[in-house]
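[1] here is a sequence with its predicted model. Questions after.
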Amino acid sequence: MNAILIILTGSLVAISCSLLGSYLILRKMAMVSDAISHAVLPGIVIAFMMAGGRDSLALLLGAGILGILTTFLIEFFHQKGKLQTDASIGVTFTWLFALGVILVSYYAGNAHIDQDCVLYGEIAYVPLDVIILDSGQSLGPKALIVMSVVLVLILLFIKVSYKELFITTFDPSFANAVGISATFWHYALMSLVSLTTVASFESVGAILVVALLITPPATAYLITERLKKMLIISSAFGVSSAVFGYLLAYTIDGSIAGAMATVAGIQFAIVFVIMKKVNKARTRSAVLSLESEPTS
Amino acid sequence: MIIQTENPALEIHDLTVSYDRKPVLWGIDLSVPYGSICGIIGPNGAGKSTLIKSVMGLIPLSSGYIKIFNQELDEIRLKVSYVPQRESVDWDFPASVLDIVMMGRYGKVGLFRNIRKADKEAAMNALEQVGMEKFYRRQISQLSGGQQQRVFLARALTQQADIYFMDEPFAGVDAATEKAIIQILRRLAGEGKTIVVVHHDLQSVSTYFNWIIMLNLRLVASGPTEKVFTQQLLEEAYGGKLTLLSEVGELMKKEQVPTRE
């Protein structure tokens, strides 16, 4: 039963990350997710202190605000300071992350929060942390419920604003020209990325969430030629990373989240090699068919 | 030589645009009549694309105003069509030709609404006009430069606008595409639509355009082609003035002198 709960939670995280990650890599903003996942640390600590415990809603809020602040700062330094995007990302998140590290170490003595729990997460504990109603009835693991809500939000967001996301991702200036604000959709997407990153914390941790945000979409990108298919395929790769990652971790008795990210990486490598071969064969057959056609 | 027109389709008044405190367009004051095919010409870095982008509201203006059909852009956005430079997007994007052309309808469809059958038909119709209807399912990364430009033009056509702004639609396209595009532009102009095109090939200017905007950071000339497309004005636009003006621009950037006031 526990195994199923862990795999289910992992899959929900993986699907949420894969969907948003697809948009991130097409916007050439994959590393912004890395920045967000680190920069939310001070937000989590401050929310933790203010709420006086691991109140999920407070943590989500605190981290969400920091996530949006991060994207805003990255844009700000890039646009107003004429700093390159990568430098802007580097400056912003290391600084915020460092602030978080200081806060964690300062409060470490009297709080149930430490670097390990934030950075690495522990999906194996998911079934232990259940929500219990006043009547004494158990609702199920907290992480599972939180991730279900997040995934539903993401699915609704993509369903309702598919064309706005599509046009602002492909051609932001044309989007602006037809009256669809590229800036608005940028921040809307980034808010969801922050939310998802934070919600995934407790299960997979801040570092591995980046692997799930980027690797499955990158794998899907190699295969497909349509955005809709890319969203579906990357979700499938995400789920299979969760399932096979759990099996791998079970076999070698190691970190589950680590194994999930490893499987995602292996999937990418396999697809990369196969697609190289396929593309080579396609090019060869295209050349052959050109040669066999009579020249005009 | 700046010739103004009564009741213009496009009116730019006293426009100044700067990047990073460096002025890239100074005191532009011009008007373009209805139904004209207007070419914006000038040397590299003269601010041709900047002019179009400021008209489309993509760049903040330092001073001045722009009116299209005597209205602000926001009031008549649906009547205005825009073709950005081909290189401004990633053609490896996972999308089909039809997906891209359909974007021309997004402004009309409105927020949170789905694409309808009529939108698809409009997109297919536009693809037929540019001779690309057979390619509608093709992945956009498999298109040649000329085909990419036709797709962008088809996307603009589905907007069914009254005025078209195009940024270098003839850059890097094959001869057949160039001919197809100019035929479409002439037909649109014949229907009373106004077309403004950034162009860099001086040889085709007099056959393509009946109105010329000649730029070199400032406005050198604006008027009917036969009046302003002269040796003297061309020398003024492309000649030694360029170095002088850009030097002043660099100086202003260094000393941070405000453009106006």
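    Cool, the structure landed.

[2] CA atoms for contacts and neighbours, from now on please.
    Fine.

[3] and the stretch 1-150 of chain A, which of its residues are near chain B?
    Contact residues (C-alpha under 8 Å from any C-alpha of the partner chain) of the stretch 1-150 of chain A with chain B: A:L26.

[4] where does pLDDT dip in the stretch 1-150 of chain A?
    A:53-56, A:108-122 (pLDDT under 70).

[5] which strand or helix spans A:P216?
    Here A:P216 sits within helix A:182-223, counting by DSSP states H and E.

[6] now do that helix, average pLDDT.
    In this model, helix A:182-223 carries a mean pLDDT of 87.

[7] grab the nearest non-local neighbour of residue 169.
    Using chain A here. A:R27 (5.7 Å; C-alpha to C-alpha, 6 or more residues apart in numbering or on different chains).

[8] look at chain B instead
    Going by C-alpha to C-alpha, 6+ apart, B:P169 has B:Q149 as its nearest residue, at 6.5 Å.

[9] that neighbour reaches B:R86, doesn't it?
    Yes. Using C-alpha atoms under 8 Å, B:Q149 is in contact with B:R86, at 6.4 Å.

[10] neighbour count winner among those two?
    B:Q149 (27 against 20; other C-alpha atoms under 10 Å in any protein chain shown).

[11] what's the overlap in contacts for B:Q149 and B:R86?
    B:P169 (C-alpha atoms under 8 Å, 6 or more residues apart in numbering or on different chains).

[12] quick one: residues contacting the residue nearest to B:P169.
    Shown in contact with B:Q149 (C-alpha under 8 Å, 6+ apart): B:R86, B:P169, B:V173.

[13] out of those residues, the closest to chain A would be?
    Nearest to chain A among the contacts of B:Q149: B:R86, at 10.5 Å, using C-alpha to the nearest C-alpha.

[14] hmm, B:R150 and the closest one touching each other?
    No. Applying C-alpha under 8 Å, one finds B:R86 not in contact with B:R150, separated by 10.0 Å.

[15] once you drop chain neighbours, what's closest to A:H186?
    Per C-alpha to C-alpha, 6+ apart, closest to A:H186 is A:T168, 8.0 Å.

[16] which ones are touching the one you found?
    Going by C-alpha under 8 Å, 6+ apart, A:T168 touches A:A175, A:I180, A:S181, A:A182, A:W185, A:H186.

[17] quick one: the strands in the chain?
    Answering for chain A, as no chain was given. Under the criterion DSSP state E, strands of chain A are mapped to A:130-132, A:138-141.

[18] wait, chain B
    Counting by DSSP E, the strands of chain B are B:10-19, B:22-32, B:37-41, B:63-68, B:80-83, B:163-166, B:194-198, B:211-216, B:218-224.

[19] list the buried residues in the fourth one.
    Yep, that's strand B:63-68 we're talking about. B:S63, B:Y65, B:I66, B:K67, B:I68 (16 or more other C-alpha atoms under 10 Å in any protein chain shown).

[20] that older thread, could you dump the strands of chain A to CSV with mean neighbour count and distance to B:G47?
    Output for these, formatted as CSV (neighbours: other C-alpha atoms under 10 Å in any protein chain shown; distance: least, C-alpha to C-alpha, whole Å):
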stretch, mean neighbour count, distance to B:G47
strand A:130-132, 14, 62
strand A:138-141, 14, 60
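
[21] as a markdown table, those with distance to A:S37 would be great.
    Listed next are the strands of chain A as a markdown table, based on distance: least, C-alpha to C-alpha, whole Å:
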| stretch | distance to A:S37 |
| --- | --- |
| strand A:130-132 | 25 |
| strand A:138-141 | 23 |
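
[22] tally of neighbours for B:D99?
    23.

[23] follow-up on the earlier one: can you tell me which of the strands of chain B is nearest to chain A?
    strand B:80-83 (6.8 Å).

[24] how about residue 233, what does it touch?
    As the question left the chain open, I've gone with chain A. Applying C-alpha under 8 Å, 6+ apart, the residues contacting A:I233 are A:P217, A:A220.

[25] wait, chain B was what I had in mind.
    B:V220, B:A221.

[26] for burial, what's the neighbour tally of the nearest residue to A:G258 once chain neighbours are set aside?
    Excluding the flanking residues, the one nearest A:G258 by C-alpha to C-alpha, 6+ apart is A:L208, at 7.1 Å. Neighbours of A:L208 under the rule other C-alpha under 10 Å: 24.

[27] distance of A:L208 from A:G43?
    19 Å (C-alpha to C-alpha, to the nearest Å).

[28] now B:A171
    Applying C-alpha to C-alpha to B:A171 and A:G43 gives a distance of 49 Å.

[29] next one: B:L233
    Taking C-alpha to C-alpha, one finds B:L233 at 61 Å from A:G43.

[30] nearest residue to the closest residue to chain A within the stretch 151-261 of chain B in space, please, no chain neighbours.
    Of all residues in the stretch 151-261 of chain B, B:Q159 sits closest to chain A, at 8.9 Å by C-alpha to the nearest C-alpha. Distances taken as C-alpha to C-alpha, 6+ apart put B:G104 closest to B:Q159, at 5.0 Å, once the chain neighbours are dropped.

[31] my guess is that neighbour meets B:F152, correct?
    No. At 9.3 Å, B:G104 and B:F152 do not qualify as touching, with contact defined as C-alpha under 8 Å.

[32] neighbour count winner among B:A171 and A:G43?
    A:G43 (26 against 18).

[33] so who does that one touch?
    Taking C-alpha under 8 Å, 6+ apart, one finds A:L59, A:G62, A:A63, A:G64, A:I65, A:L66, A:G100 in contact with A:G43.

[34] please repeat the previous calculation with a cut-off of 7 Å.
    Residues in contact with A:G43 (C-alpha atoms under 7 Å, 6 or more residues apart in numbering or on different chains) are A:G62, A:A63, A:L66.

[35] what bridges to B:S96?
    For B:S96, the beta-bridge partners under DSSP bridges are B:Q139.

[36] is it true that it touches B:R137?
    Yes. Shown here, B:S96 and B:R137 form a contact pair, counting by C-alpha atoms under 7 Å, at 5.4 Å.

[37] buried residues, stretch A:67-79. List them.
    Buried residues in stretch A:67-79 (16+ other C-alpha under 10 Å): A:G67, A:I68, A:L69, A:T70, A:T71, A:F72, A:L73, A:I74, A:E75, A:F77, A:H78.

[38] and the last one, how far from A:A87?
    Relative to A:A87, A:H78 is positioned 9 Å away (criterion: C-alpha to C-alpha).

[39] got a list of what B:P33 touches?
    If you count contacts by C-alpha under 7 Å, 6+ apart, then B:P33 has B:T5, B:P8, B:A9 around it.

[40] now whichever residue of the stretch 101-250 of chain B sits closest to chain A, nearest residue through space, not along the chain?
    Proximity of the stretch 101-250 of chain B to chain A (C-alpha to the nearest C-alpha) peaks at B:G107, 5.0 Å away. Once flanking residues are discounted, B:G107 sits nearest to A:V178: 5.0 Å by C-alpha to C-alpha, 6+ apart.

[41] what number of residues lie near that neighbour?
    The burial count for A:V178: 23, using other C-alpha under 10 Å.

[42] and the gap between A:L5 and A:V13?
    12 Å.

[43] higher neighbour count, these two?
    Neighbour comparison, A:L5 and A:V13: the larger count goes to A:V13, with 31 against 18 (by other C-alpha under 10 Å).

[44] burial count for the residue nearest to that one when sequence neighbours are not counted?
    Take A:V13 and drop its neighbours on the chain: the residue closest to it by C-alpha to C-alpha, 6+ apart is A:S200, 6.1 Å away. Around A:S200 there are 29 other residues, counting by other C-alpha under 10 Å.

[45] same check, this time on B:E6
    9.

[46] residues in contact with the closest residue to chain B within the stretch 51-200 of chain A?
    Relative to chain B, the nearest point of the stretch 51-200 of chain A is A:V178 (5.0 Å; C-alpha to the nearest C-alpha). Contact partners of A:V178, counting by C-alpha under 7 Å, 6+ apart, are B:R77, B:L78, B:G107.

[47] residue 60: what's it in contact with?
    Chain wasn't specified; assuming chain A. A:L195, A:V198, A:A199.

[48] other chain: chain B
    B:P60 touches B:S54, counting by C-alpha under 7 Å, 6+ apart.
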